[in-house]
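Asks: Have a look; sequence and predicted model below, questions after that.
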Amino acid sequence: MLKKCKLTIDDQPFEFEVEGDFFWGKPELLYPLENNILSNVPWERHGYACVDALNNFEIGRLKKSVKDLILEAMHRNNIKVDADFELRNYHKYATSDQEHSNVISITRNLQVSDFDFDIDNLAKRFSKILGWPLTSWVEELNKSHVQIRISRPNSLDINPPHRDGYLSYWADIVNVWLPIEGCNNKSSLPVFPGSHLVSEDEIFRTESKGATIKGNVYYVPCIIETKQGIINMIRPNPKEGQALLFSPYLIHGAAVNQNKDITRISLELRFPKANS
Ligand SMILES: [Fe+2]
């Protein structure tokens, strides 16, 4: 069925059409109330926080490597750039949906070793904040996870609202969203505060790979509304060098880029609890 997904971001209404089979879940809370990855932090009931992640030197190195990786993907697709190319102008070079799709088909398959940053050091920093030993290694996937997200202005380069925790390999991790370029109060990742504590029978969603927006199929189940009504999101908007940490059960997504002429680029990482 074709449904309108209606939501607000910082009180501003948005809507887009989603194709999928939607259903209400069972009366169960998926978020574990004990020994959770967020059990030790004062912001557990919110489900998210902005925390310090990288110093100026580290974020500079990381940004340079993200730029180099995107440039390489553009070169491989014969997308010409000027010598003074800046990531925020990406949409002025990758001008069609096809070119963009070609670029992200390369950038979505990168490994942690392709980036210039120490992922295990970051896991240690977040371990101190969360009070749990963390690792970057995702056992079920047999690799660490890092993904560049590119969102062009005036586009629907978005995930629908969703929870990552529905996928088994993301059930016991902390989500990390790291701003790289063009991330501000008009483009950074929206979250629905406290929504990790919403029970499944109050959630109207699709199965995994069950939602399509403008012809793009999404891996994660799309959540279209809750019993409380439409989804009211906010953008926590972490600053450069900070990261947004959040529960995999927190509803997030719909990161529409409302900047008129700036591409938004971010990194997503995920850290499971370490076995110790
Ligand atoms: Fe997600």
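Replies: Sure, I can see it.

Asks: CA only for contacts and neighbour counts going forward, please
Replies: Noted.

Asks: Going along the chain, name the helices of the stretch 1-150 of the chain.
Replies: Per DSSP state H, counting those that start in this stretch, the stretch 1-150 of the chain carries helices over the ranges 56-76, 97-107, 119-130.

Asks: Would you tell me which of those gets closest to residue 9?
Replies: Closest to residue 9 of the helices of the stretch 1-150 of the chain, according to C-alpha to C-alpha: helix 97-107, at 25.0 Å.

Asks: rewinding a little: now mean pLDDT and mean neighbour count too, for the helices of the stretch 1-150 of the chain, in CSV please.
Replies: Shown next, in CSV, are the helices of the stretch 1-150 of the chain (pLDDT from 0 to 100; neighbours: other C-alpha atoms under 10 Å):
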stretch, mean pLDDT, mean neighbour count
helix 56-76, 96, 17
helix 97-107, 93, 16
helix 119-130, 96, 17
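
Asks: could you dump the ones you listed to TSV with distance to residue 50?
Replies: Below are the helices of the stretch 1-150 of the chain laid out as TSV (distance: least, C-alpha to C-alpha, whole Å):
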stretch	distance to residue 50
helix 56-76	16
helix 97-107	25
helix 119-130	11
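
Asks: Which among the ones you listed is found nearest to residue 33?
Replies: Each of those has some distance to residue 33 by C-alpha to C-alpha; the shortest is helix 119-130, at 15.2 Å.

Asks: can you tell me which of the helices of the stretch 1-150 of the chain comes nearest to residue 177?
Replies: Here helix 119-130 is closest among the helices of the stretch 1-150 of the chain (C-alpha to C-alpha), at 12.5 Å.

Asks: Centre of the chain to that closest one, how far?
Replies: Distance of helix 119-130 from the chain centroid (C-alpha atoms, centre = their mean, to the nearest Å) equals 19 Å.

Asks: How about stretch 123-140?
Replies: Going by C-alpha atoms, centre = their mean, where stretch 123-140 is centred and where its chain is centred differ by 18 Å.

Asks: do stretch 192-212 as well
Replies: Put simply, stretch 192-212 sits 16 Å off its chain's centre (C-alpha atoms, centre = their mean).

Asks: Show me which parts of that stretch are buried, residue by residue.
Replies: By neighbour count on 16 or more other C-alpha atoms under 10 Å, the buried set for stretch 192-212 is 192-200, 202-207, 210-212.
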